[in-house]
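Participant: predicted model follows, preceded by the sequence.
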Amino acid sequence: HVQLVESGGGLVQPGGSLRLSCAASGFTFSNYWMYWVRQAPGKGLEWVAVINSAGMSRWYADSVEGRFTISRDNAKNTVYLGMDNLEPEDTALYYCASATGPIRPPISALSDFDSWGQGTQVTVSS
């Protein structure tokens, strides 16, 4: 069955870095666009970044542009999110998700995507 498993979250000080990973299984990973979305406490889902199926094109939310980097390894069925210069406002539950094509913000629900994981918590605090 389809499974997306995120890892790499944790507690980090402002200005620090983290790298999230999402391991995919149960579908042809290289055919899917991969997304990272997040949900901060008391807020709705926020579209963060997307990478197309071949890994040749990437797009970012304005709030993370220049600080976050999405990448993928189709041989390992894994998508990554590198996060630098983290801010307290980046504190959220981060989900990876898949879709056969572009899903444009705003995101209303994880069910906008074909599949999604259980999330990994990122907390930015001193």
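Facilitator: Sure, I can see it. Numbering: from 1, shown residues only.

Participant: ok, the residue nearest the centre of the chain - contacts?
Facilitator: For the chain, the residue nearest the mean C-alpha position is residue 36 (2.0 Å; CA atoms, centre = their mean). Neighbouring residues of residue 36 by CB atoms under 8 Å, 6 or more residues apart in numbering: 20, 22, 48-50, 68, 70, 79, 81, 94-97. Using the backbone N, CA and C atoms, a C-beta is placed for each residue, glycine as well.

Participant: before we move on, what about residue 77?
Facilitator: Residue 77 neighbours (CB under 8 Å, 6+ apart): 23, 24, 25, 29.

Participant: ok, which stretches of the protein are strands?
Facilitator: For the chain, applying DSSP state E gives strands covering 3-7, 10-12, 18-25, 33-39, 45-51, 58-60, 68-73, 78-83, 92-99, 115-116, 120-124.

Participant: so how far is residue 49 from the nearest residue to residue 94 once chain neighbours are set aside?
Facilitator: In this structure, residue 94 finds its nearest non-sequential neighbour in residue 38, 4.8 Å apart by CB to CB, 6 or more residues apart in numbering. For residue 38, the distance to residue 49 equals 10 Å [CB to CB, to the nearest Å].

Participant: what is the burial count for residue 91?
Facilitator: Residues near residue 91, counting by other CB atoms under 10 Å, number 17.

Participant: oh, that last question was meant for residue 119, not what I typed.
Facilitator: Neighbour number of residue 119 under other CB under 10 Å is 18.

Participant: that one: what's it in contact with?
Facilitator: Contacts of residue 119 (CB under 8 Å, 6+ apart): 6, 39, 93, 94, 95.

Participant: please redo it, this time with the cut-off set to 7 Å
Facilitator: Each residue near residue 119 by CB atoms under 7 Å, 6 or more residues apart in numbering is listed here: 6, 93, 94, 95.

Participant: next one, pLDDT for the third one please.
Facilitator: Turning to residue 94, the model gives it a pLDDT of 98.

Participant: ok, it - contacts?
Facilitator: 6, 9, 20, 36, 38, 119, 120, 122.
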